[in-house]
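Trainee: got a structure for you, letters missing:
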């Protein structure tokens, strides 16, 4: 804005000097500046309209996501079989699986475990004492996720098992052990 004011003042000084050539250049430059200012204002309006449309589209996408019905198998039936059948368990884990061990006052340890290293006896998947959530935020939403959380008060355990639906079947893909 300062440049426009300086430019206009310079033009007025030059125009006052009586030089016709400078007056013409000033008039053309002023006309160009006016057109640029109008274009700028039009672009600001267009930008505002596009931002509004983007907000609308994002809102519709969020609504559509909420209304999506996932056709995965019954999670409770799945988790009972998953906890009892070691072979089935290995079929339903996305290997290599990411394991995070996070103990109070210590740095997190993150590693991956392949099918050969998976120890099905290390983690118990007994539905009693577990909380089941349908997303990673541990609240209830219509998503393709389930989080099975076991929090043992006497044993000081805190385990989260993260499941995701793939082609209608649940698969474990991440474990967080907060011991």
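Mentor: Thanks, I have the structure now. In this text, all values refer to a predicted model and were calculated from it rather than measured experimentally. Numbering: from 1, shown residues only.

Trainee: Could you give the average pLDDT over the helix ranked longest in the chain?
Mentor: Looking across the chain with DSSP state H, the single longest helix is helix 20-66. Helix 20-66 shows a mean pLDDT of 76.

Trainee: name the helices or strands packed onto it?
Mentor: helix 2-16 (3 or more Cβ pairs under 8 Å, 6 or more residues apart in numbering; DSSP states H and E). C-beta coordinates here come from the backbone N, C-alpha and C atoms, glycine included.

Trainee: Spit out the contact partners of residue 49.
Mentor: Residues near residue 49 by Cβ atoms under 8 Å, 6 or more residues apart in numbering: none.

Trainee: mind checking how far it is from residue 43?
Mentor: Going from residue 49 to residue 43 by Cβ to Cβ, to the nearest Å gives 11 Å.

Trainee: if we can go back for a sec, next secondary structure element downstream of the longest helix of the chain?
Mentor: helix 75-84 (DSSP states H and E).

Trainee: In that following helix, which residues are buried?
Mentor: 75, 78-79, 82-83 (16 or more other Cβ atoms under 10 Å).

Trainee: Could you list every helix and strand that it packs against?
Mentor: So helix 75-84, by 3+ Cβ pairs under 8 Å, 6+ apart, packs with helix 86-91, strand 130-133, strand 169-177.

Trainee: Tell me which of the ones you listed approaches residue 105 most closely.
Mentor: strand 169-177 (15.1 Å; Cβ to Cβ).

Trainee: Pull the residues that contact that closest one.
Mentor: 72-73, 75, 78-79, 82, 89, 92-94, 97-102, 123, 146, 157-165.

Trainee: could you redo the last one with a cut-off of 6 Å?
Mentor: By Cβ atoms under 6 Å, 6 or more residues apart in numbering, the residues outside strand 169-177 that reach it are 72, 78, 92-94, 98-101, 159-164.

Trainee: Next step: those residues restricted to strands.
Mentor: 93-94, 98-101, 159-164 (DSSP state E).

Trainee: Looking at the helices and strands packed on helix 75-84, which is nearest to residue 29?
Mentor: strand 169-177 (63.3 Å).

Trainee: Nothing else from me, thank you.
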